[in-house]
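K.L.:
the following comprises the amino acid sequence and a computationally predicted model.
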Amino acid sequence: MVSKTPKSKPRENKTILVVDDEPRMIGFIRMNLELEGYQVIEAHNGLEALEAIRTKLPDLVLLDVMMPELDGFETLRMLREFSDVPVIMLTAKGEENDKVYGLELGADDYVTKPFGPRELSSRIKAVLRRVQTPSPEEAILKIDDRLSVDFNRREVIVEGKRIKLRPTEYRLLYHLIENAGWTVPHDQLLQKVWGYEYRDEAHYVRLYVNYLREKIEEDPSNPRYILTERGVGYRFVDFRNKEHEG
């Protein structure tokens, strides 16, 4: 009996680069992603991965951590020098330090081996959703004389200097600004930015708030734009009311 790819799935038509030095793992991932309607390309080490990202421009990368010569962390560090492609790390380690290290280097998510097809598919869809955050009608939004946000180019303009945002940083800032003046709870940010399946991953919010503060705040340890409401969530300064008051 020939299995058929559901006709509703071509919506994806996204290209995913799978990087792993184990052929059986690549075969397992390829089979399941192709059933989901994705195009799959593969690389067997970090150098092949970097070349594929430059030449084939995948929509998302699944990157194994434990590879000989050039491991996943070093590969990620090098690719972030020239590409913002979404990256999900594949790791056999469940240690928190490895997960946080990958996120700090620029990974968008991680999946711990062994994993099932559903979990992997869910994570991929969640990351791709974050990349597709819509832009507001206001292309460039002025927060104050120091900070503006260019929603079309997904950049912040700080004291006249343009700074590129990674997709997750952009999505988080988008939702904070959309609710400026209101405290957005941790669980709501997780659901809006990462997806419902991330409801127990509170460290994602803390980490990416820190990333944004490093990019937009004059003093990240004493923020003026993204404020912490302890035990509840985060609040973006109510800049619109301040403009009216002035």
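P.N.:
That came through, no problem.

K.L.:
what's the neighbour count on Glu48?
P.N.:
For Glu48, the neighbour count with other CB atoms under 10 Å is 16. To be clear about C-beta, it is placed using only N, CA and C from the backbone, and glycine gets the same treatment.

K.L.:
three-state assignment of it?
P.N.:
helix (DSSP: H, G, I helix; E, B strand; the rest coil).

K.L.:
and it, how close does it get to Pro114?
P.N.:
24 Å (CB to CB, to the nearest Å).

K.L.:
OK, contacts around the spatially closest residue to Asp109 that is not a sequence neighbour?
P.N.:
Distances taken as CB to CB, 6 or more residues apart in numbering put Ile88 closest to Asp109, at 4.7 Å, once the chain neighbours are dropped. Counting by CB atoms under 8 Å, 6 or more residues apart in numbering, Ile88 makes contact with 60-63, 107-111, 123-124, 127.

K.L.:
centre of the chain to the helix or strand containing Ile88, how far?
P.N.:
Element membership for Ile88 (DSSP states H and E) is strand 87-91. Here the centre of strand 87-91 is set off from its chain's centre by 11 Å, with CA atoms, centre = their mean, to the nearest Å.

K.L.:
for stretch 119-127, same thing?
P.N.:
With CA atoms, centre = their mean, you get 12 Å for stretch 119-127.

K.L.:
who's in contact with that stretch?
P.N.:
Residues contacting stretch 119-127 (CB under 8 Å, 6+ apart): 16, 29, 32-33, 36, 38, 60, 62, 86, 88, 108-109, 111, 194-195, 197-198.

K.L.:
which of the residues in it are buried?
P.N.:
120, 122-124, 126-127 (16 or more other CB atoms under 10 Å).

K.L.:
restrict it to CA atoms and write it as CSV.
P.N.:
Backbone C-alpha positions of stretch 119-127 (Å, rounded to 0.1, in the frame of the first residue of the first chain) are rendered in CSV as follows:
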residue,chain,number,x,y,z
GLU,A,119,7.7,16.7,18.6
LEU,A,120,10.1,17.6,15.8
SER,A,121,7.2,18.7,13.5
SER,A,122,5.7,20.9,16.3
ARG,A,123,9.0,22.6,17.0
ILE,A,124,9.7,23.3,13.3
LYS,A,125,6.2,24.8,12.8
ALA,A,126,6.6,27.0,15.9
VAL,A,127,9.9,28.4,14.8
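
K.L.:
can you map out the helices along this protein?
P.N.:
In the chain, the helices defined using DSSP state H lie at 23-35, 46-56, 72-79, 96-105, 117-131, 167-178, 186-189, 202-216, 239-245.

K.L.:
export the ones you listed to JSON lines and tack on distance to Gly233 and mean pLDDT?
P.N.:
JSON lines is the format used below for those (distance: least, CB to CB, whole Å; pLDDT from 0 to 100):
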{"stretch": "helix 23-35", "distance to Gly233": "35", "mean pLDDT": "93"}
{"stretch": "helix 46-56", "distance to Gly233": "35", "mean pLDDT": "94"}
{"stretch": "helix 72-79", "distance to Gly233": "29", "mean pLDDT": "94"}
{"stretch": "helix 96-105", "distance to Gly233": "19", "mean pLDDT": "77"}
{"stretch": "helix 117-131", "distance to Gly233": "18", "mean pLDDT": "87"}
{"stretch": "helix 167-178", "distance to Gly233": "10", "mean pLDDT": "89"}
{"stretch": "helix 186-189", "distance to Gly233": "5", "mean pLDDT": "89"}
{"stretch": "helix 202-216", "distance to Gly233": "8", "mean pLDDT": "92"}
{"stretch": "helix 239-245", "distance to Gly233": "18", "mean pLDDT": "59"}
